[in-house]
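Colleague: Everything below, folded, please.
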Amino acid sequence: MIPRPIETAPADGSWILGFVGEDERPAAKRHPWAILARCDGGWGDEEGYLWWPTQWVPLPDPQPAPTNYAPPVGTIRISFWHIMFAVWVELPTGERDEARDHYPCGTLSAARDRAREWSGRTGLPVIEDPDLPEEANFSGAAMRFLTGGGA
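Modeller: Okay, the predicted model is just below:
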């Protein structure tokens, strides 16, 4: 098989064998070829690492089950939930996109940074709820607990 440019790879959730140059692969990975599927961040492996392949070839049979990836649609919304800011994808129906995580943030500035970064990767516009407070009203220990950083 002759490697093809990554721009020609399927973006439908099917898996490919991607070639990644030494400067473009995750630090924890050493091999230049990886089994990858399209994800919001570009290309990801089954462990959740992001890769930046330049070429690809189809995987031989048997194929792994497709990931059912679909690009996000709607808007990236910044809201204030009880005691923290949250950044999430809102579907055109007004519901939260349950296939994607929401990101808790302790400050409006951090929420805006996260939304801007996510928007840059997905092309979705950012919408802020009206009347957002400038800061959340809780301790740093509470935020570390809520975001998985421990108490």
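Colleague: can you list the domains in the protein?
Modeller: Per the record, the chain has its domains at 4-58, 75-146, by automatic domain parsing.
Colleague: Switch these over to TSV; also include mean neighbour count.
Modeller: In this view, the C-beta of every residue, glycine as well, is placed from N, C-alpha and C. Putting those into TSV (neighbours: other Cβ atoms under 10 Å) gives the following:
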stretch	mean neighbour count
domain 4-58	15
domain 75-146	15
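Colleague: Nearest to residue 68, out of those?
Modeller: domain 4-58 (5.0 Å; Cβ to Cβ).
Colleague: From start to finish, how long is that closest one in a straight line?
Modeller: 9 Å (Cα to Cα, to the nearest Å).
Colleague: Let me have the domains of the chain in a markdown table, adding mean pLDDT and distance to residue 68 as columns.
Modeller: As requested, the domains of the chain are exported to a markdown table (pLDDT from 0 to 100; distance: least, Cβ to Cβ, whole Å):
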| stretch | mean pLDDT | distance to residue 68 |
| --- | --- | --- |
| domain 4-58 | 83 | 5 |
| domain 75-146 | 85 | 9 |
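Colleague: Of those domains, which is nearest residue 69?
Modeller: That would be domain 4-58 among those, by Cβ to Cβ, at 3.7 Å.
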